[in-house]
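A.B. asks: Just the structure for this:
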Amino acid sequence: MDKYLLVNSFEFNQKHRTFRLTFCLFLTKSSTKLQNMKNLIAYRIKNARKLKLLSQQEVADKIGVSKQMISKYERGVSIPDSTKLIKLANLFGQKIDYFFRTYKVELGEVNFRKKSKFSRKRQESLKELIKVKLANYLELEEILSIDYSFNNAIKNDKISSIEAIEKIVLKLRQHWNIGMDPIHNIIQILEDKEIKVIELDDVDHKFDGLACFVNDKYPIIIVNGSFSVERKRFTLLHELGHLLLNLPDCETNLKEKYCDQFASEFLLPKKIIIEEFGGKRRRITLPELITTQKKYGISIQAIIDSLVDAQILSRNHKKSFYQKINLNPILKKEINLSRFETPEFSDRYERLVYRAVSEENISMSKASSLLDKEINIIRKNLYVI
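C.D. replies: Purely as a prediction, here's the structure:
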């Protein structure tokens, strides 16, 4: 019996005795395999502790061992017995199979946009959460024999100025066969182009999003799932800019401006905004802004920025706009309303789980673990056809 079947046996039966048997079988392996298992469990314990923002002493106090023993666990010097491992699983909010998952994730360069407000400890916790979710995602694709090679169509396009972004976005839209029509679902387009999107719902409000390559192969974008649909769309495309643009060696603030411009141009191209609003204007009415917001899924503030960039409005108009909404709470509330009707959410991962379990590539207990849902819910959703 292999490790995968043993761990799933525990998940399905949920009996301490079954787990003890599994654990004993691990310990009878060769010394090399035993050390590999120690290293794997050590890796998982350390990552789970960082995810939960706990110190070694706090973990030790919770499960009734010394801080030195937790250190030994995390260094692979010692391995917790079954009772301690169950306590660790409960403490970390994980199922037992978490400690035995062999798929590891290495994040590429990760830059947080609000470093000053997002502590290093919370950054590390967020990275571990992303690793857990991605490991599940990539393991699932491996089980289903899904593989691909991502192609960045604009990787060689150098950026010399903000104005260069317009042509780069046009090239990408043409390469992706999007055309110039409004984009109703950003996440669907990204996933169709082999970019993984993960939404984090229970995350610090200071976190916007991030993008990187995983294991030097898989492009991913992480976004705060609690955002309004307009903000989520803009953030997704801002992070897409970080992922795809050949950004010059410049100050961080300028890189952020390039990515903001990329997001604005992708959502509402300059050519389209001129068609929608005409030439230079002295005034823009609120109904015009709301109609554009509903049509293109972009916030009114971002529309104002695009109008200024297209020289339809002056910078003084923009200054006056923000002065008005800051002095008028009712107007500010009206401006900040979310109005785009098409929801933005990712369901590809869940669909892959149900595909895998329906084709008997994984057990229902494994599906339950991957989706963090009760088995009866998984069973209820299966075999409609």
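
A.B. asks: Give me the neighbour count for the nearest residue to residue 228 once chain neighbours are set aside.
C.D. replies: Distance criterion CB to CB, 6 or more residues apart in numbering; nearest residue to residue 228, sequence neighbours excluded, is residue 338 at 4.0 Å. The C-beta positions use only the backbone N, C-alpha and C, and glycine is treated the same way. Neighbourhood size, residue 338 [other CB atoms under 10 Å]: 14.

A.B. asks: Pretty sure residue 338 sits in a strand.
C.D. replies: No. Checked against DSSP: H, G, I helix; E, B strand; the rest coil, residue 338 lies outside a strand; its state is coil.

A.B. asks: Model confidence score at it, please.
C.D. replies: The per-residue pLDDT reported for residue 338 equals 94.

A.B. asks: which intervals of the chain have sub-threshold pLDDT?
C.D. replies: Where the chain drops to pLDDT under 70, the residues are 1-31, 103, 110-118, 383-385.

A.B. asks: next one: the lengthiest helix in it to chain centre, how far?
C.D. replies: The residue-count maximum for a helix in the chain (DSSP state H) belongs to helix 120-143. Centre-to-centre, helix 120-143 and its host chain are 9 Å apart (CA atoms, centre = their mean, to the nearest Å).

A.B. asks: same question, stretch 374-385
C.D. replies: For stretch 374-385, the distance to the chain centre is 26 Å (CA atoms, centre = their mean).

A.B. asks: tell me the centre residue of the chain?
C.D. replies: Centroid check for the chain by CA atoms, centre = their mean gives residue 222 as the closest residue, at 2.2 Å.

A.B. asks: on that earlier part again, dump the residue contacts of the residue nearest to residue 228.
C.D. replies: 228-230 (CB atoms under 8 Å, 6 or more residues apart in numbering).

A.B. asks: ranking the residues you listed by neighbours, who comes first?
C.D. replies: The most crowded member of these, judged by other CB under 10 Å, is residue 230 (24 neighbours).

A.B. asks: Surely it is in a strand?
C.D. replies: No. Counting by three-state DSSP, residue 230 is not found in a strand; it is helix.

A.B. asks: Kindly report the domain assignment for this protein.
C.D. replies: Listed by automatic domain parsing, the domain ranges of the chain are 3-102, 120-266.

A.B. asks: a markdown table please, covering the ones you listed and showing distance to residue 309.
C.D. replies: Shown next, in a markdown table, are those (distance: least, CB to CB, whole Å):
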| stretch | distance to residue 309 |
| --- | --- |
| domain 3-102 | 41 |
| domain 120-266 | 7 |
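
A.B. asks: one step back: please report how far the residue nearest to residue 228 lies from residue 209.
C.D. replies: 17 Å (CB to CB, to the nearest Å).

A.B. asks: and residue 140, what does it touch?
C.D. replies: Applying CB under 8 Å, 6+ apart, the residues near residue 140 are 349, 352-353, 356, 362, 370.

A.B. asks: cool, residue 292 as well?
C.D. replies: Applying CB under 8 Å, 6+ apart to residue 292 gives the contacts 268, 273, 276-277, 298, 303.

A.B. asks: switch the cut-off to 7 Å
C.D. replies: 276, 303 (CB atoms under 7 Å, 6 or more residues apart in numbering).

A.B. asks: which stretch of helix or strand covers it?
C.D. replies: helix 286-296 (DSSP states H and E).
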